[in-house]
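Undergrad: structure for this input, please:
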Amino acid sequence: MKSLLNVLKLALLLGVAIAFVACSKDDDDKKSNDPGNTGGGNAPTITEVGNTVRIRDNGGGIGTRTLTANKTWILENLVFVNAGQTLTIEPGTVIKGAVSAGENASALAVARGGRILAEGTADKPIIFTTEEDDVNNPNEPVDRLTGRWGGVLILGRARTNTIPFEQAIEGIPTTETRALFGGSDDNDDSGVLKYVSIRHGGALIGPGNEINGLTLGAVGSRTVIENVEITYNSDDGIEFFGGTVNVRNLILAFNEDDYIDYDMGFRGKIQNVLILQGNAQGAGDRGFECDGGTDPEDGQPYATPTIANVTSIGAGAANNARRVATFRDNAGGYIHNCLFLEFGRGIDIEDNESGEDSKARYDAGQLAFKNNQFFNVGNGQPDDMIYTLYYTAGASSGQPRRDAALFTTGDNIIRDPGITVSYTNDRRLRVIPTGDVSGGVPVQDSWFQPHTYRGAFAPGGNNWMKGWSMLSTHGYLAD
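TA: All right, here's what the predicted structure looks like:
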């Protein structure tokens, strides 16, 4: 009898233990209902109603998961792909940011050590846009709005030229510890962006602190970025903070600040770019804003990207507020086979009395302009296409110093490319040149396509924007 009682007691104890473990597991599942949550912190809140899924990051990131094309995904706040997580996005998927601003702005950020695999196709692009956007309706009021949500940020471990090398990315509240970028691995791999359209972003999180359409902080060269469009962003189209990432087939249209912005020692490669500011009353500043060091200003490595085959269309030669490019703070770069037209001012190069400037990079052969074509820029003369701005100690603005040799030395030319731009209606754009854009010299680097024309499009050739970009699907292109 005693033995039987002992057996019963043992069975009771085992039952309690099993129930305790089961209850504990149930509690864990309720607390973290995301099996892909590997980033620490709390799992995201996932709310699904019909074909719409809303995601809120609670500190643990989005988790390792796949966003499928049969649902619409809404980012309710700043959603991270944490270190150790991989976010896969199917072709044709639409991801929307909740309309927001301030520290609650919605955006997607890939932290250092996280990866994004967003591989759309020409037939099924991946679209990031505002929650308000009916992506299938090209005539709705939201079509031209900016700043309705944040944007896309990718942070990597490549080198910058700052002290300390690790920095917090702009556009994200400084209290966010996952927003650091920088390291020592120039070959870092943050994943893939292919056939991706980013629309209506640039939410303001604080005075003078907006989010770029695509922000790349110290992103390494093994990351693949091809066929990416950024339209109607209230800040820069794309900004590179150091790093070595390469970008091919890039569309930057109707953004409200600069179009290509780089600093902190960016050393990547860029080819085939359309920059389009829009009509004469449209927003936008420089086609290129090129900065070298931030802190310190003479930090190394210097910013020396190689950029080729850009078609950059400004807001008209009469609009003096718009310029082709600015190089300052020791920024260098190699600019080849580009086509610049309809800008009020050309390319200015900072020339400080102290000698720490982008003119020093030019003199050292680390800033060069080769085989570029200009038309309807400034006063139309060679010494207005590329010139220096000389700053004396304490001066807030520079005095132009014009030397036609800055233009002629690199076999740059002034010639009509045969591109018609309407400033009364930025629809029905004709970007394929009908004039002469010959004379491009292939860049001696195996990554670059060996184009022998200037600009992003071959005369009579294939328009690589067709079929997947907002410019194409919403009726902007005449070609």
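Undergrad: so which bits of stretch 49-69 are buried?
TA: Val53, Arg54, Ile55, Arg56, Asp57, Gly60, Gly61, Ile62, Gly63, Thr64, Arg65, Leu67 (16 or more other C-beta atoms under 10 Å). C-beta: built from backbone N, CA, C; applies to glycine.
Undergrad: was I right about the second one contacting Lys71?
TA: In this case it means Arg54. No: contact criterion C-beta atoms under 8 Å: Arg54 and Lys71 do not qualify, at 10.6 Å.
Undergrad: show me this protein divided up by domain.
TA: Using automatic domain parsing, the domain ranges for the chain come out as 44-257, 296-479.
Undergrad: winner for burial among those domains?
TA: Mean neighbour count (mean count of other C-beta atoms under 10 Å) peaks for domain 44-257 among the domains of the chain, with a mean of 21.
Undergrad: distance of the spatially most central residue of the chain from Glu229?
TA: Centroid check for the chain by C-alpha atoms, centre = their mean gives Leu214 as the closest residue, at 2.5 Å. Distance, Leu214 to Glu229, by C-beta to C-beta, to the nearest Å: 10 Å.
Undergrad: find the residues that touch each one of those two.
TA: Shared contacts of Leu214 and Glu229, defined by C-beta atoms under 8 Å, 6 or more residues apart in numbering, are found at Ile198.
Undergrad: who touches the closest residue to Ala360 other than its chain neighbours in this structure?
TA: Of all residues not flanking Ala360 in the chain, Asn330 sits nearest, at 6.9 Å (C-beta to C-beta, 6 or more residues apart in numbering). Applying C-beta under 8 Å, 6+ apart to Asn330 gives the contacts Gly292, Gly293, Glu297, Asp298, Gly299, Tyr302, Ala303, Glu356, Asp357, Ser358, Ala360, Arg361.
Undergrad: same check, this time on Gln300
TA: Gln300 is in contact with Asn161, Gly265, Gly293, counting by C-beta under 8 Å, 6+ apart.
Undergrad: could you rerun that using 10 Å?
TA: Counting by C-beta atoms under 10 Å, 6 or more residues apart in numbering, Gln300 touches Arg159, Asn161, Gly265, Gly292, Gly293, Asn330.
Undergrad: and for Gln373?
TA: By C-beta under 10 Å, 6+ apart, the residues touching Gln373 are 311, 337-341, 412-417, 433, 435-440, 453-455.
Undergrad: try 8 Å
TA: When contacts are counted by C-beta under 8 Å, 6+ apart, Gln373 touches Cys338, Leu339, Phe340, Asn412, Ile413, Ile414, Arg415, Pro417, Val437, Gly439, Arg454, Gly455.
Undergrad: which strand residues bridge the residue nearest to the centre of the chain?
TA: Val152, Ile238 (DSSP bridges).
Undergrad: about what we covered before: need the residues touching each of Arg54 and Lys71.
TA: Glu48.
Undergrad: assign a three-state SS to Asp143, would you?
TA: Classification of Asp143 using DSSP: H, G, I helix; E, B strand; the rest coil returns helix.
Undergrad: just give the nearest non-adjacent residue to it, would you?
TA: Nearest one to Asp143, counting by C-beta to C-beta, 6+ apart, is His474 at 6.7 Å.
Undergrad: need the pLDDT of that neighbour.
TA: Reading off the confidence values, His474 has pLDDT 89.
Undergrad: same check, this time on the one 3 residues further on
TA: The per-residue pLDDT reported for Leu477 equals 83.
Undergrad: surely Asp235 touches Asn255?
TA: Yes: counting by C-beta under 8 Å, Asp235 touches Asn255, with 7.5 Å between them.
Undergrad: mutual contacts of the two, please.
TA: Gly202, Gly213.
Undergrad: so where's this structure shaky on pLDDT?
TA: 1-41, 206-207, 279-283, 422-428, 479 (pLDDT under 70).
Undergrad: ok, Ile95 - contacts?
TA: Neighbour list for Ile95: Leu67, Thr72, Trp73, Ile74, Leu75, Ile89, Leu108, Ile126, Ile127, Phe128, Thr129 [criterion: C-beta under 8 Å, 6+ apart].
Undergrad: and which of the residues you listed is nearest Thr177?
TA: Comparing the contacts of Ile95 against Thr177 with C-beta to C-beta places Leu108 closest, at 17.5 Å.
Undergrad: re the thing from before, state the distance from the residue nearest to the centre of the chain to Gly380.
TA: Following C-beta to C-beta, the distance that separates Leu214 from Gly380 is 34 Å.
Undergrad: distance between the ends of stretch 444-451?
TA: Stretch 444-451 has an end-to-end distance of 11 Å (C-alpha to C-alpha, to the nearest Å).
Undergrad: is it true that Ala109 touches Phe181?
TA: No: using C-beta under 8 Å, Ala109 makes no contact with Phe181, being 10.1 Å away.
Undergrad: joint contacts of the two?
TA: Leu155, Ile169.
Undergrad: residue contacts, the closest residue to Thr408 other than its chain neighbours?
TA: Once flanking residues are discounted, Thr408 sits nearest to Pro382: 6.1 Å by C-beta to C-beta, 6+ apart. Each residue near Pro382 by C-beta under 8 Å, 6+ apart is listed here: Ala404, Phe407, Thr408, Asn412, Ile414.
Undergrad: same thing but 7 Å
TA: Contact partners of Pro382, counting by C-beta atoms under 7 Å, 6 or more residues apart in numbering, are Ala404, Phe407, Thr408, Ile414.
Undergrad: out of those residues, the closest to Thr223 would be?
TA: Phe407 (34.7 Å).
Undergrad: check the secondary structure at that closest one for me.
TA: Here Phe407 is recorded as helix under three-state DSSP.
Undergrad: state the distance from it to Val443.
TA: 20 Å.
Undergrad: all the helices of the chain, residue numbers only.
TA: For the chain, helices defined by DSSP state H occupy the ranges 2-31, 358-363, 382-385, 405-408, 470-473.
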